[in-house]
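K.L.:
Mind looking at a prediction? Sequence and model below.
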There are 2 protein chains.
Amino acid sequence: MDINKDARTELGEVGEFGLIERLGKNFGLKNPSSVKGIGDDAAVIDAGDKYLLLSTDFLVEGIHFDLSYVPLKHLGYKAVSVNVSDIAAMNGIPQQITVSLAISNRFSVEALEELYEGIRLACDDYQVDLVGGDTTSSLSGLVISVSVVGAAEKDKVVYRNTAKEGDVVCVTGDLGAAYLGLQILEREKQVFMANPEMQPKMEGKEYLIQRQLRPQARMDIIHILREVGLVPTSMMDISDGLASELFHICTQSNVGVTIYEDKLPKDEEVSQTAYEFKIDTTTCMLNGGEDYELLFTVSQEEFEKIKKEPDILPVGVIRAKEEGMTLYSKGGKIHDLQAQGWVHFKDNQ
Amino acid sequence: MDINKDARTELGEVGEFGLIERLGKNFGLKNPSSVKGIGDDAAVIDAGDKYLLLSTDFLVEGIHFDLSYVPLKHLGYKAVSVNVSDIAAMNGIPQQITVSLAISNRFSVEALEELYEGIRLACDDYQVDLVGGDTTSSLSGLVISVSVVGAAEKDKVVYRNTAKEGDVVCVTGDLGAAYLGLQILEREKQVFMANPEMQPKMEGKEYLIQRQLRPQARMDIIHILREVGLVPTSMMDISDGLASELFHICTQSNVGVTIYEDKLPKDEEVSQTAYEFKIDTTTCMLNGGEDYELLFTVSQEEFEKIKKEPDILPVGVIRAKEEGMTLYSKGGKIHDLQAQGWVHFKDNQ
């Protein structure tokens, strides 16, 4: 079949989000149980008493991971974390996952058992059950597809498109570490390839590397929000970088935002390593992806309930749409926020 | 990382079912909402009033489809059908799907729109909603992962492990056509590769080719079962071939079975084409996969409710385990049933 016939638009021209929008545009929702379709961290399904949440993520060898430095056990753990994080992002509790693998004959059964050991550890940590999947050959490499089902009371599900002007913008944990962890792993791979005798220099970088290899979904924050009785006005997980996620929330909620540079949650190891790599620390925190922290908005009154939580930090405020998306720098200057995020298709061209 | 270290068991040594069993063995079910995990056509999740069903399937280029003769629109339709079929196999109604793609840059946006047109047609036919997915690059080829959510009243879900001695074994539609459709497409591909001037010989084979390229999930049968008020004692869909599926039902239900060769649902085009390819027609019907018909068992009394349905045929009877799995041939001889099915890992070695 000629897949090149007639007009040809390259994938790189439309980008990942443009592609999803274009492919999904002729699909309406027919079932009354389909509460929310494409466009949030998870789909929302009316199951009677409560809502079920459904999300799915691909991890593709050579695109999302490099087995020359990613241990299979960590990869298994991460595959579950990134999916659980999507359920957290909806303010839900994860329950079940399915794991599908396409595998080349390069992998032994023992290697897959390593991968599943990581999946099992994550299932224990997040209290989710592995309930199914599919296992098949691939002609090259490893592809992992995980789907996750979560649940939430109907009045607790939090979307991206409901941030309100005046809301406090909160971020959990710290940002930029996973991105710098990747830079270190890539650097050491290059060093090793040039000279296999060289010992990798990873001392003092353990936190960054762990953030890249074995991220944690912030279910602890979801439980804190329940304990203090707070339902955010909007929420997402930070997988593609804070600026990119703010772009989604602002666009879908029809609002603007101001982020204060001096409020961004900076880890000391991140600052030092950014300096070492000659990258601006703020850029790492704004545009480095894969931290799987949570970004959410709450009203000023509701913020009182969490202002003493050490792992939740206010970093900005939701503005009117006309005020745009801006960064208020340490020097008192106002910059436009650039929502670049990861553009997988460009990486691969 | 050395994925070859220590003991190495090749994937081909354990096979697909052995692999799933081995990888899943350390996973228990922790959540009370996890009613049924690995081991049936779909997982079963307690959603309060009813059960939700969850299943997922991979379609991998070069393993499951060959784009030199599979039109992308048909491929999209088939990707939905095979998943909906898993929900039908549990006696459920499909509601939502997610579609994830890993795509190389060889594909244009227009090619993916063709694929999604097929997905959209299937969503219309099966009344399911596309509610999410993930889109990413691959280094080579196209990988499609579809997950499906269905629903069923709690007393209507049908498993594989509940067939009873004396039950009538029923099959829907006819068998073997999709397998022969694949043989024809492969033959014409070889002819074309040897001589691109040759016209493909597909006249009179339209039914077989359609069964291979665009299979239908038998939701019509599920609706008939509801109308006549019949809940089968056990059910599966026939994706890997009748003999292989009977093996699953008998093993899991701890029973045996006798299939009557003269009762197998034979299509005239299947007989003629099997003859042409010098393959035994019965072998096609027993071991040819991908028909996506339903296999189910009902008690003799309940069978009365469906005995006049033209598309449901009794083909055998469930026996005690000690009697094994046998085929009663037209000549009156008794043969052991061989459960070969598709062994993807062997195909790829």
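P.N.:
Now that the structure is in, tell me what you want to look at.

K.L.:
Who's the closest spatial neighbour of residue A:284, skipping the chain neighbours?
P.N.:
Taking CB to CB, 6 or more residues apart in numbering or on different chains, and ignoring the residues beside it in sequence, residue A:284 has residue A:176 as its nearest neighbour in space, at 3.4 Å. Where you see a C-beta, it was placed from the backbone N, CA and C, and this is true even at glycine.

K.L.:
typed the wrong thing, it's residue A:246
P.N.:
Closest to residue A:246 by CB to CB, 6+ apart is residue A:257, at 5.5 Å.

K.L.:
Hmm, that neighbour is touching residue A:168, no?
P.N.:
No. Using CB atoms under 8 Å, residue A:257 is not in contact with residue A:168; the gap is 10.9 Å.

K.L.:
so what's the residue nearest to residue A:246 up against?
P.N.:
A:169, A:246, A:249, A:250, A:316, A:317, A:318, A:319, A:325, A:326, A:337 (CB atoms under 8 Å, 6 or more residues apart in numbering or on different chains).

K.L.:
follow-up on the earlier one: find the residues that touch each one of residue A:257 and residue A:168.
P.N.:
For the pair residue A:257 and residue A:168, residues contacting each of them under the criterion CB under 8 Å, 6+ apart are A:316, A:317, A:318.

K.L.:
Go through those residues and flag which are in strands.
P.N.:
Among these, the ones falling in strands (DSSP state E) are A:316, A:317, A:318.

K.L.:
Can you tell me which of those residues lies closest to chain B?
P.N.:
Proximity of these to chain B, judged by CB to the nearest CB, is greatest for residue A:318, which lies at 25.8 Å.

K.L.:
State the distance from the nearest residue to that closest one once chain neighbours are set aside to residue A:232.
P.N.:
If you skip the residues right next to it in sequence, residue A:318 has residue A:167 as its closest partner in space, 4.2 Å away by CB to CB, 6+ apart. Relative to residue A:232, residue A:167 is positioned 9 Å away (criterion: CB to CB, to the nearest Å).

K.L.:
For the stretch 51-200 of chain A, which segments count as helices?
P.N.:
According to DSSP state H, counting those that start in this stretch, the stretch 51-200 of chain A carries its helices in the segments A:72-88, A:109-126, A:177-194.

K.L.:
typo on my end, it should be the stretch 201-349 of chain A
P.N.:
Secondary structure of the stretch 201-349 of chain A (DSSP H, counting those that start in this stretch): helices at A:206-213, A:219-228, A:242-253, A:268-276, A:281-287, A:300-303, A:344-347.

K.L.:
Just tell me which of those helices ends up closest to residue B:150.
P.N.:
Within these, the stretch nearest residue B:150 is helix A:219-228; the backing value is 27.2 Å (CB to CB).

K.L.:
and the closest one, is it in reach of chain B?
P.N.:
No. Using CB under 8 Å from any CB of the partner chain, helix A:219-228 never reaches chain B; the gap is at least 13.9 Å.

K.L.:
Spell out which residues are contacts of both of residue A:167 and residue A:232.
P.N.:
Shared contacts of residue A:167 and residue A:232 (CB under 8 Å, 6+ apart): A:297, A:298.

K.L.:
Up against chain B, what does the stretch 101-250 of chain A have?
P.N.:
A:102-113, A:116-117, A:120, A:123, A:127-141, A:143, A:145, A:147, A:149, A:151.

K.L.:
follow-up on the earlier one: just the helices of the stretch 51-200 of chain A: most buried one?
P.N.:
Most buried of the helices of the stretch 51-200 of chain A, by mean neighbour count (mean count of other CB atoms under 10 Å in any protein chain shown): helix A:72-88, with a mean of 26.

K.L.:
what distance separates that helix from the middle of the whole chain?
P.N.:
Averaged C-alpha coordinates place helix A:72-88 at 10 Å from its chain's average position (CA atoms, centre = their mean, to the nearest Å).

K.L.:
State the distance from the residue nearest the centre of chain A to residue B:327.
P.N.:
Among the residues of chain A, residue A:239 comes closest to the average C-alpha position under CA atoms, centre = their mean, at 2.1 Å. Noted for residue A:239: a distance of 53 Å to residue B:327, by CB to CB.

K.L.:
tally of neighbours for the nearest residue to residue A:84 once chain neighbours are set aside?
P.N.:
Ranked by CB to CB, 6+ apart and with sequence neighbours excluded, the top spatial neighbour of residue A:84 is residue A:217, at 3.9 Å. Residue A:217: 26 surrounding residues under other CB atoms under 10 Å in any protein chain shown.

K.L.:
Same check on residue A:303?
P.N.:
The number of residues packed around residue A:303, counting by other CB under 10 Å, is 16.

K.L.:
Hmm, the residue nearest to residue A:318 is touching residue A:298, no?
P.N.:
Yes. Counting by CB under 8 Å, residue A:167 touches residue A:298, with 6.1 Å between them.

K.L.:
Check what pLDDT residue A:227 gets.
P.N.:
Here the pLDDT value assigned to residue A:227 is 97.

K.L.:
Tell me the spacing between it and residue A:300.
P.N.:
20 Å.

K.L.:
Kindly report the same for residue A:120.
P.N.:
In this structure, residue A:120 and residue A:300 are 43 Å apart, going by CB to CB.

K.L.:
Skip the chain neighbours and tell me the closest residue to residue A:160.
P.N.:
Using CB to CB, 6+ apart, the nearest residue to residue A:160 is residue A:252, at 4.8 Å.

K.L.:
and the residue lying closest to residue A:47 once chain neighbours are set aside, what does it touch?
P.N.:
Nearest residue to residue A:47 in three dimensions, chain neighbours excluded: residue B:47, at 3.6 Å (CB to CB, 6+ apart). By CB under 8 Å, 6+ apart, the contact list for residue B:47 reads A:47, A:48, A:49, A:50, A:52, A:151, B:33, B:151.
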